[in-house]
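Engineer: what would the 3D arrangement of this be:
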Amino acid sequence: MSDALISLQGIQKTYVLGEQVVHALRNINLDIYQGEYMALMGPSGSGKSTLMNVIGCLDSPSQGVYWLNNQEVSKMTDAELSKVRNNEIGFVFQTFNLLNRLSALENVALPLVYSGIGKKERTERACETLIKVGLEDRLNHKPNELSGGQRQRVAIARALINNPSLLLADEPTGNLDTQTSHEIMALFDEIHASGNTIVLITHEETIAMHAKKVVRLRDGLVE
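Structural biologist: I've put the predicted structure just below:
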């Protein structure tokens, strides 16, 4: 264990596909500190998506040790990992992953339902978070009534609602035009300035430039 928020020690991830063994991650050692803004970059097949899944507790390493906020998550059960994901990590995906039948407010409040928070507090917190991302006039709109940029703002608000230790963003501008991408990255800059730890997965240099540190992967190794 180190004093880092995230500490990856000797992380390996191996997949067996028939008779072929794929080494997706090879002995990754990486520390991420509270308040850091890091971009993970690499070509297709470099292992960056696999590494994101391990950091996000969506997958477990084949070997190695992973500490998140003083918890050794590499040995946790699926149920324990699910709890860590809900409490410690906010996810922002390229495809937004919003529920179309729910309003912006209801989508943002959803993680609080799983945390057992009452409806009044859920509504108040979701409203406050949507205001922070500039959507105070879109609280009751459903995703199909919002632009791509507005939908991504809803997704970012949902990721922030539980005050996570880590905001993990996977190609967050991948489905957006250039102008909207600039606006979303400016929002990430504001979120980082307020003290949040951000790990950004991207293949675009212009997006990675927003981060304060860039880690490049190739063939499952940190370059």
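Engineer: and N140, what pLDDT?
Structural biologist: Looking at N140, its pLDDT reads 97.
Engineer: wait, doesn't it sit right on L102?
Structural biologist: No: taking contacts as CB atoms under 8 Å, N140 lies outside contact range of L102: 10.4 Å. Every C-beta, even on glycine, is put in place using the N, C-alpha and C of the backbone.
Engineer: give me the more crowded residue out of those two.
Structural biologist: Remark: of N140 and L102, L102 carries more neighbours, 15 against 10, as counted by other CB atoms under 10 Å.
Engineer: nearest residue to L8 other than its sequence neighbours?
Structural biologist: L30 (4.5 Å; CB to CB, 6 or more residues apart in numbering).
Engineer: likewise for G42?
Structural biologist: The shortest distance from G42 to any non-neighbouring residue, by CB to CB, 6+ apart, is to L217 (3.7 Å).
Engineer: which SSE is the residue nearest to L8 in?
Structural biologist: Here L30 sits within strand 20-32, counting by DSSP states H and E.
Engineer: just want the angle from the helix or strand that that strand is followed by to strand 20-32.
Structural biologist: Downstream of strand 20-32, the first helix or strand assigned by DSSP H and E is strand 37-41. Angle, strand 37-41 to strand 20-32, by axes from the mean of the first three to the mean of the last three CA atoms, to 10 degrees: 160 degrees.
Engineer: buried stuff in stretch 213-223?
Structural biologist: Using 16 or more other CB atoms under 10 Å as the test for burial, stretch 213-223 gives 215, 217, 220, 222.
Engineer: for stretch 86-99, same thing?
Structural biologist: Neighbour count says stretch 86-99 has 86, 88-94, 96, 98 buried, by 16+ other CB under 10 Å.
Engineer: if you look at those residues, which of them are in strands?
Structural biologist: Judged by DSSP state E, the subset of the buried residues of stretch 86-99 located in strands is 89-93.
Engineer: would you list the residues you listed in CSV and tack on distance to P61?
Structural biologist: Below are those laid out as CSV (distance: CB to CB, whole Å):
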residue, distance to P61
I89, 16
G90, 22
F91, 19
V92, 23
F93, 22
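Engineer: related to what we said a few turns ago, list of residues touching the strand holding L30?
Structural biologist: By CB atoms under 8 Å, 6 or more residues apart in numbering, the residues outside strand 20-32 that reach it are 2, 4-16, 38, 47, 50-51, 54, 61, 64, 166, 197, 199, 215, 219-222.
Engineer: list the neighbouring strands of that strand plus their orientation.
Structural biologist: Strands adjacent to strand 20-32 in the sheet, as given by DSSP bridges, are strand 6-17 (antiparallel).
Engineer: now the phi/psi pair for R216, please.
Structural biologist: In terms of degrees, to the nearest 10, the main-chain angles of R216 are phi -110, psi 140.
Engineer: nearest residue to it in space, please, no chain neighbours.
Structural biologist: R216's closest residue in space is E223 (CB to CB, 6+ apart), at 4.4 Å.
Engineer: now the one you found: how far from L40?
Structural biologist: Computed as CB to CB, to the nearest Å, the E223 to L40 distance reads 11 Å.
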